[in-house]
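> What follows is a predicted protein model with its sequence.
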Amino acid sequence: MIARNEDNRLLLKLERLKARAASVRADDRAQLIALLDDIGTLRERLMRECARLDGEIDRAMFRATAMTAYGRGARSVRVPRREH
């Protein structure tokens, strides 16, 4: 649940930055520099979140593979073999 709140905050921040970018005048150097700084900060936070999600997906795939292997092993032990 905490991650979802953080995701929502990041998306809200992105929407605000988009609105700010649309309203900044091209000749307002200070505002442009501040906007670029905020965009860079948000980009770093988004990249960290992407890396965290990649790790979470990798762990989930590893668990799924392990469960599948365990299930196959358990099934092979339980099924009586037919003898001719």
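Okay, I see it.
> hey, let's count contacts and neighbours off CA atoms from now on
Noted.
> What is the helix ranked longest in the chain packed up against?
The residue-count maximum for a helix in the chain (DSSP state H) belongs to helix 29-78. Applying 3 or more CA pairs under 8 Å, 6 or more residues apart in numbering; DSSP states H and E, one finds that helix 29-78 makes contact with helix 2-23.
> Run the chain-centre distance for the helix it packs on.
15 Å (CA atoms, centre = their mean, to the nearest Å).
> Could you point out which residue ranges in the chain have low pLDDT?
Low-confidence segments of the chain (pLDDT under 70): 1-3, 77-84.
> at 80 what do you get?
1-4, 6-7, 74-84 (pLDDT under 80).
> Look at residue 38 and say how many residues are nearby.
15 (other CA atoms under 10 Å).
> Return the residues in contact with the nearest residue to it once chain neighbours are set aside.
Leaving aside its sequence neighbours, residue 38 sits nearest to residue 17 (CA to CA, 6 or more residues apart in numbering; 7.8 Å). Shown in contact with residue 17 (CA atoms under 8 Å, 6 or more residues apart in numbering): 35, 38, 39.
> which one of those residues sits closest to residue 49?
Nearest to residue 49 out of the contacts of residue 17 is residue 39 (CA to CA; 15.2 Å).
> which residues does the closest one contact?
Residues counted as contacts of residue 39 (CA under 8 Å, 6+ apart) are residue 17.
> going forward can the numbers begin at 420, since that is how I track them
Yes, from this point I'll number from 420; that puts the last item at residue 458.
> Would you mind listing the outside residues contacting stretch 423-431?
461, 464, 465.
> So residue 446: helix, strand or coil?
coil (DSSP: H, G, I helix; E, B strand; the rest coil).
> And it, how far from residue 439?
For residue 446, the distance to residue 439 (CA to CA, to the nearest Å) stands at 15 Å.
> more neighbours, those two?
Neighbour totals were compared for residue 446 and residue 439, and residue 439 leads with 14 against 8 (other CA under 10 Å).
> Can you tell me, leaving aside adjacent residues, what's nearest to that one?
Using CA to CA, 6+ apart, the closest residue to residue 439 is residue 454 (7.7 Å).
> so who does the one you found touch?
Residue 454 sits next to 436, 439, 440 when contact means CA under 8 Å, 6+ apart.
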